[in-house]
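# Structure of the sequence below:
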Amino acid sequence: MEFQFHPASRQGAVRTFVFGDRGASAVLAAAGLSALLAVSLWITVPTVARRIVRAEGSASIAQASASLLAGRQELEARALGMRERALDGGDLVSRIAFLYGVPTAGWPRSLNPEAGVLAATDPEAVTQGMRRYVAGLERALDLVAEHERTDPALPAQTPSRLPLSTDFVEPASRFGPRVSPWTGSEEFFAGVDLAAPVGSPAVAPADGVVVFAGRILPAVNSRLWRFGNLVVVSHGPAGVTVYGHLGKIEVRRGERVRRGARLGTVGSSGWTMFPALHYEYWRLGEDGLAPTDPRFAMLDLRLPAHDVSLEKMLATSAPDSVEAPPGS
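Have a look, this model is predicted:
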């Protein structure tokens, strides 16, 4: 087999290569391998390239999906945080309305937990419910502000804070029916016991006048003597507050006190297993004074359950047989 290579210029010499049978076979084999390699590359290179592109695309898609998921989770967290703040605001303004005696007739129903306006947790549902809830909050604030304008003394006279000046407070006994730990019989507990360190200041939750300071004489049908050192403060039309188990009484009958004024100190006088402040709030309603859950009158105490409506607070009551505080 003979191969001739002619140069581009006529002046150049023609180069000739002569192969024998073996050489020709080798050249043909090499040419065949080259052709096969070319075909193989023509097929495999695009396939590999497509795989690389797909891999890079999958990585990009995965990265984009992770970014979208993170964004979704952040959006959900923000929506739930916004929902919690709105519900806290609804609880707060509803409790103020209860303390002020705002009628339920014009009260926005969207703030009631049973309405379920903010019951959902999906961001889109929260956003839709938030418009209605915020409108209800604005209406409620207008009603509360209207009552304050009618009676400028109302905010100062209304019990609205925790009656203790300490960060170490733990509710130990709650308002409502229970079995007495002392007698084993059923009774209605008309207040709350707030466990706190001995000597912690007990303070007035609103302006008022001290109508009792001392001890109640033991009697068979009396419950109040069990609370040891006792102080009772009248807040005029806003009602009466009671403070028991005091270690020390620091006010006297007839004394006028301001919100935050010291009434005494936490102790363990009377029937108690640990240092605590017994606290009651007797609200003045249409039927006169009646004990209600003191949590409603402690606005600096958050209600995490978000299960309190104005109607529910008004419906919370105690038996008529509960002994009223002295001086009330």
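# what comes up buried for the host helix or strand of Tyr281?
In the assignment (DSSP states H and E), Tyr281 maps to strand 276-285. Buried positions in strand 276-285, judged by neighbour count with 16 or more other C-beta atoms under 10 Å: Ala276, Leu277, His278, Tyr279, Glu280, Tyr281, Trp282, Arg283, Leu284. From N, CA and C alone the C-beta is placed, and that goes for glycine too.
# How about the first one: which residues does it bridge to?
This points to Ala276. In this structure, Ala276 bridges to Ala195, Gly267 when assessed by DSSP bridges.
# from what I can see it touches Tyr243, true?
No: judged on C-beta atoms under 8 Å, Ala276 makes no contact with Tyr243 at a distance of 10.9 Å.
# Quick check, pLDDT for the residue nearest to Glu170 when sequence neighbours are not counted.
Take Glu170 and drop its neighbours on the chain: the residue closest to it by C-beta to C-beta, 6 or more residues apart in numbering is Ala195, 4.5 Å away. Model confidence at Ala195, expressed as pLDDT, equals 96.
# residue contacts, Ala195?
Contacts for Ala195 (C-beta atoms under 8 Å, 6 or more residues apart in numbering) come out as Val169, Glu170, Pro171, Ala172, Phe274, Pro275, Ala276.
# With secondary structure, pLDDT and distance to Pro325 as extra columns, can I get the residues you listed in JSON lines?
What follows is the contacts of Ala195, written out as JSON lines (DSSP: H, G, I helix; E, B strand; the rest coil; pLDDT from 0 to 100; distance: C-beta to C-beta, whole Å):
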{"residue": "Val169", "secondary structure": "coil", "pLDDT": "93", "distance to Pro325": "22"}
{"residue": "Glu170", "secondary structure": "strand", "pLDDT": "91", "distance to Pro325": "24"}
{"residue": "Pro171", "secondary structure": "strand", "pLDDT": "90", "distance to Pro325": "20"}
{"residue": "Ala172", "secondary structure": "strand", "pLDDT": "91", "distance to Pro325": "20"}
{"residue": "Phe274", "secondary structure": "coil", "pLDDT": "92", "distance to Pro325": "23"}
{"residue": "Pro275", "secondary structure": "coil", "pLDDT": "96", "distance to Pro325": "22"}
{"residue": "Ala276", "secondary structure": "strand", "pLDDT": "97", "distance to Pro325": "18"}
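# Would you show me how to pick out the buried ones of the residues you listed in ChimeraX?
Those of the contacts of Ala195 that count as buried under 16+ other C-beta under 10 Å are selected in ChimeraX with:
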select :169,171,172,275,276
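# I am finished for the moment; much appreciated.
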